[in-house]
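Undergrad: Predicted structure and sequence below. I'll ask about it afterward.
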Amino acid sequence: MSLPMAKLDSRPWRILIVEDEPVLVFALEDALVEAGFEIAGVAARLEKAMPIIESGVCDAAILDANLAGVSAGPAASALTSRGLPFFVLSGYSPDQLPEALSGALRIQKPCRPERAIQALRSILPTQ
C-alpha cells in the first residue's frame, strides 16, 4: 500500500477517529497505521472528540454521524472552523445527516477499511 502524501514537516498525517463501533475502530486503526498515518486519537463520544479537536493534535478526521444517539455535528463544526478536513462514515442516508455533516464526503457503512483510506487521501491537501 502506498504511503500518504508527505507534509512539509515530513511527519505522518495525524488522524482522529470519531466512531462508537469498537470493531470498526480497530479495523480503521490497523489500516491507517499500515498506510503510514498516525492515530491522533479515538473518540466514541462527542465529549471525548471535542477536546482532541480543540487541542490541535489532529490533521484530519473520520466521523461517524451518530455517536450513541448524539449527533457528531458539533465535531464537524469544530473541524470546519479549524480548517481541518474530515469525511463522514455512516449508515445514514445523505438526507438523514445533520447540516454540519451534509456537505462532507460521505462513505456508507459498512465499508472496507481500504475504502476509508481512499476517502481520507481524497480529502487531504496535496503539497
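TA: Nice, thanks for sending it over.
Undergrad: From here on, just use CA atoms for contacts and neighbour counts.
TA: OK.
Undergrad: Closest to the centroid, which residue in this protein?
TA: residue 62 (1.2 Å; CA atoms, centre = their mean).
Undergrad: quick check: mean pLDDT across the helix or strand containing that residue?
TA: Using DSSP states H and E, residue 62 maps to strand 60-63. Averaging pLDDT along strand 60-63 gives 97.
Undergrad: Moving C-terminal from that strand, which element do we reach first?
TA: strand 66-67.
Undergrad: Pull out the buried positions in the helix or strand containing residue 47.
TA: Per DSSP H and E, residue 47 falls inside helix 46-55. For helix 46-55, a neighbour-count test (16 or more other CA atoms under 10 Å) marks 46, 49-50, 52-53 as buried.
Undergrad: now swap in stretch 63-81 and tell me
TA: 63-67, 71-76, 78-79.
Undergrad: Residues in a beta bridge with residue 16, which ones?
TA: Taking DSSP bridges, one finds residue 41, residue 61 as the beta-bridge partners of residue 16.
Undergrad: actually residue 87, not the one I typed
TA: Assigned bridge partners for residue 87, using DSSP bridges, are residue 62, residue 105.
Undergrad: By mean pLDDT, flag the weakest helix or strand of this structure.
TA: Every helix and strand of the chain was ranked by mean pLDDT, DSSP states H and E. The lowest is helix 99-102, at a mean of 85.
Undergrad: residues in contact with it?
TA: Applying CA atoms under 8 Å, 6 or more residues apart in numbering, the contact partners of helix 99-102 are 65, 72-74, 76-77, 88, 94-95.
Undergrad: Can you give the distance of it from its chain's centre?
TA: Averaging C-alpha positions (CA atoms, centre = their mean, to the nearest Å) puts helix 99-102 14 Å from its chain's average.
Undergrad: and residue 94, how many residues sit next to it?
TA: Using other CA atoms under 10 Å, residue 94 has 17 neighbouring residues.
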